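Chemist: Provided below for reference: sequence and predicted model.
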Amino acid sequence: AQSVTQPDARVTVSEGASLQLRCKYSYSGTPYLFWYVQYQRQGLQLLLKYYSGDPVVQGVNGFEAEFSKSDSSFHLRKASVHWSDSAVYFCAASHHNYAQGLTFGLGTRVSVFP
Amino acid sequence: EAAVTQSPRNKVTVTGGNVTLSCRQTNSHNYMYWYRQDTGHGLRLIHYSYGAGNLQIGDVPDGYKATRTTQEDFFLLLELASPSQTSLYFCASSDWTSSAETLYFGSGTRLTVL
């Protein structure tokens, strides 16, 4: 069965520092991959998605992610975080049956301190 | 921008109670989903639908019914609520006519079963 693993439940960073959130997927082929963000008391919002081509994809608010087939990973990065980046970040992969939507990781809670 | 509206925002009921969660999307998306979000489990798919009158079972359907009355409206029904169904519920919609479509989420309904 496919799965998405986010090994870090919580990450704390200082404002202005760089951020990397890890995501590993287990899938029989190459799934479509997504990063979503959830701000407090809100629904999930799409940051970026990958389905083919350049392995580095750009998203909103300065986020980017890099796909690696050899490593089965899709890590998210940001060069310089702002306090407003404090949120929960979810990595997700498309289900084999696309109609079933996405399989989500457990999420990584990011806290940005001044 | 896709819009998905959930109601109510918060709901408290007692064990054995009858609860209906509502979701409306205004973008003519064909697919709609109900997820529950719990600490340690991430988001788990309860039911989904690809059109009015259609219902498909997700990964954690026990204790839940759903009904898609129109293209826009998708309801989640808990006919005998139990404390284990205390959770944050999200509705989402998408249009899987292309390969990697985005899920648009509502703001969630927090359900407490006493």
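Modeler: Structure's in. What do you need?

Chemist: Give me the buried positions along stretch A:42-50.
Modeler: A:Gly43, A:Leu44, A:Leu46, A:Leu47, A:Leu48, A:Lys49, A:Tyr50 (16 or more other Cβ atoms under 10 Å in any protein chain shown). All C-beta atoms are positioned from the backbone trio N, CA, C, and that covers glycine.

Chemist: Give me the distance between the last one and A:Phe74.
Modeler: By that I understand A:Tyr50. To A:Phe74, A:Tyr50 is 7 Å away according to Cβ to Cβ, to the nearest Å.

Chemist: Mind listing the shared neighbours of those two?
Modeler: A:Leu33, A:Ala65, A:Phe67 (Cβ atoms under 8 Å, 6 or more residues apart in numbering or on different chains).

Chemist: Quick one: end-to-end distance for stretch B:52-71.
Modeler: 5 Å (Cα to Cα, to the nearest Å).

Chemist: for stretch A:11-21, same thing?
Modeler: 8 Å.

Chemist: where in chain A is pLDDT low?
Modeler: A:95-98 (pLDDT under 70).

Chemist: hang on, the earlier thing: so which of the buried residues of stretch A:42-50 reach chain B?
Modeler: Among those, the residues lying close to chain B (Cβ under 8 Å from any Cβ of the partner chain) are A:Gly43, A:Leu44, A:Leu46, A:Lys49.

Chemist: and the residue positioned nearest the centre of chain B, what does it touch?
Modeler: By Cα atoms, centre = their mean, chain B has its centre lying nearest to B:Trp34, at 2.6 Å. By Cβ under 8 Å, 6+ apart, B:Trp34 lies in contact with B:21, B:23, B:45-48, B:58, B:64, B:66, B:74, B:76, B:89-91.

Chemist: Most neighbours out of the residues you listed, which is it?
Modeler: B:Phe74 (29 neighbours; other Cβ atoms under 10 Å in any protein chain shown).

Chemist: Which helix or strand contains that one?
Modeler: Element membership for B:Phe74 (DSSP states H and E) is strand B:73-78.

Chemist: Next: A:Cys91.
Modeler: strand A:87-94.

Chemist: next structured bit after that strand?
Modeler: According to DSSP H and E, the helix or strand after strand A:87-94 is strand A:102-104.

Chemist: who touches that following strand?
Modeler: A:2-4, A:34, A:36, A:90-95, B:42-43, B:103.

Chemist: got those as TSV, with neighbour count and distance to A:Val110 columns?
Modeler: Compiled in TSV, the contacts of strand A:102-104 are given as follows (neighbours: other Cβ atoms under 10 Å in any protein chain shown; distance: Cβ to Cβ, whole Å):
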residue	neighbour count	distance to A:Val110
A:Gln2	14	25
A:Ser3	12	22
A:Val4	23	17
A:Phe34	27	17
A:Tyr36	25	13
A:Phe90	25	11
A:Cys91	30	13
A:Ala92	26	16
A:Ala93	22	20
A:Ser94	23	24
A:His95	18	26
B:Gly42	20	16
B:Leu43	27	17
B:Leu103	27	21
